[in-house]
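# Need a 3D model of the following:
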Amino acid sequence: MAVEPVLVDEGRLHDYVADIFLAASSSDREARLIARHLVDSNLRGHDSHGVGSIPIYVRNLQSGDLLPNQSLTTVTETDSLLICDGNGGYGQVMAHDAIAIGIVKARDKGVALVGLRNSHHVGRIGHWAEQCAAAGLVSIHFVNVVSDPSVAPFGGVAARVGTNPFSVGIPRDGKRPIVLDFATSKLAVGKVRVAMNQGKPLPPGALLTADGQPTTDPSILFGQPKGILLPFGDHKGWGLSFVCELLGAALTGGKTQSGPKKRNATINCMLSIIISPEHLGTTDVISPEIDTFVGWVRSGGNAGVLLPGDLEAATTDERKAGGVPIDAISWSDIVAAGRQVGAEPPANIHRDGVADHITQTG
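Modelled structure (predicted):
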């Protein structure tokens, strides 16, 4: 049975999330970078990568599988290349800092190749494409996931890889950027978790039981034995997942998924290619050409066709105005995790006063 979500004010949610990570020993900068990333993920409609991750992060922090206040270690660096190690620190900080260095290099040299390895969960990959696009730069990101294998290769029925996301960001003059961002599985693990908490079934064809039977029950993925996600687009999604594993990890000197889960941490490696249209001499033509193409795509009865990022933009506007919906189970788990580290939610955090009893009782 579906349960009505809790509506939370964006600004108060951000401050509360930052308070949780401050209480969990993060520096002010680290806590605010994590909070901004998580809340922005909820604003975009990607609740799978939003504040619902907090209980997992607190668990990993307490088990020593996530380390606060880490800094990047440079492994290899040239004028246009950076390979760095995240030292098991918060991916929201490690990826932010690695991409920031890449932006400087791309602006200077025209292109930058950035490899980040051994970072705790880097979150929503579109966030890093947005960071580059805000600087006027095109970017491409390949990411691998080392954790509990959750996705079977095409043609197989045994989970061997993670959800291995891929993202592209393209800036546009005076308009929001084009941001393509997706897991190479049919569904991200976090989206299955959200569906389970909301009491909603999955779309058919996304999940198998441990013995290979199709199911729409999201709880199967988290059962014992675990269910198995399938790649999107059959062989095409599997092929992209495969190259995300090799480019994100093997090429950067990181670890690929090569066996069962060994610890709580979700470790990501990411290869980012950052390109300056200015250095290519195409700054003046890229946006008009995008507009021309979009006009063609939306012609002939296609006016309602969505571009990559359109749904996220509309969801962001809606949630900024009306509040961020969080399913009641996730909210209770967030409050409980906050209390484990000594952080209490503000009494007025809910937009409409709904579910105040959850805040009070956890």
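# Tell me where the stretch 101-250 of the chain has helices.
126-134, 189-198, 235-245 (DSSP state H, counting those that start in this stretch).
# Over to the stretch 251-362 of the chain?
277-280, 283-297, 310-322, 328-341, 356-361.
# Need the contact partners of the second one.
By CB atoms under 8 Å, 6 or more residues apart in numbering, the list of residues contacting helix 283-297 from outside reads 136, 170-175, 178, 277, 305, 307. C-beta here means a position set from N, CA and C on the backbone, and glycine is covered the same way.
# Among these, name the buried ones.
136, 170-171, 178, 277, 307 (16 or more other CB atoms under 10 Å).
# Please narrow these to those residing in strands.
Secondary structure from DSSP state E places 170-171, 178 of the buried ones among the contacts of helix 283-297 in strands.
# Ile34: which of those is nearest?
When these are compared for distance to Ile34 (CB to CB), Pro171 wins out at 25.3 Å.
# Now do that closest one against Pro165, distance only.
20 Å (CB to CB, to the nearest Å).
# again with Gly88
Distance of Gly88 to Pro165, given as CB to CB: 20 Å.
# quick one, which of the two is more surrounded?
Pro165 (28 against 19; other CB atoms under 10 Å).
# residue contacts, that one?
Counted by CB under 8 Å, 6+ apart, Pro165 has contacts 125, 141, 143, 145, 181-184, 188, 244.
# want to throw these into TSV with distance to Ala313, pLDDT and neighbour count?
Shown next, in TSV, are the contacts of Pro165 (distance: CB to CB, whole Å; pLDDT from 0 to 100; neighbours: other CB atoms under 10 Å):
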residue	distance to Ala313	pLDDT	neighbour count
Ile125	17	98	26
His141	19	99	30
Val143	22	98	29
Val145	26	97	30
Asp181	13	98	23
Phe182	16	96	17
Ala183	20	97	28
Thr184	23	98	29
Ala188	20	91	22
Cys244	25	98	26
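# Quick one: mark the members of the residues you listed that sit in strands.
Judged by DSSP E, the subset of the contacts of Pro165 located in strands is 141, 143, 145, 181-182.
# Adding distance to Pro346, write the residues you listed out as JSON lines.
Converted to JSON lines, the ones in strands among the contacts of Pro165 look like this (distance: CB to CB, whole Å):
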{"residue": "His141", "distance to Pro346": "35"}
{"residue": "Val143", "distance to Pro346": "34"}
{"residue": "Val145", "distance to Pro346": "34"}
{"residue": "Asp181", "distance to Pro346": "31"}
{"residue": "Phe182", "distance to Pro346": "34"}
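# Closest one to Arg160 out of those residues, please.
Of all those, Arg160 sits closest to Val145, with 11.6 Å by CB to CB.
# Tell me where the stretch 251-362 of the chain is predicted with low confidence.
351-362 (pLDDT under 70).
# now with 80?
For the stretch 251-362 of the chain, applying pLDDT under 80 flags the ranges 350-362.
# tell me the contacts of Val189?
48, 150, 162-163, 221, 229.
# make it 10 Å
48, 145, 147-148, 150-151, 162-163, 183, 221-222, 229, 266 (CB atoms under 10 Å, 6 or more residues apart in numbering).
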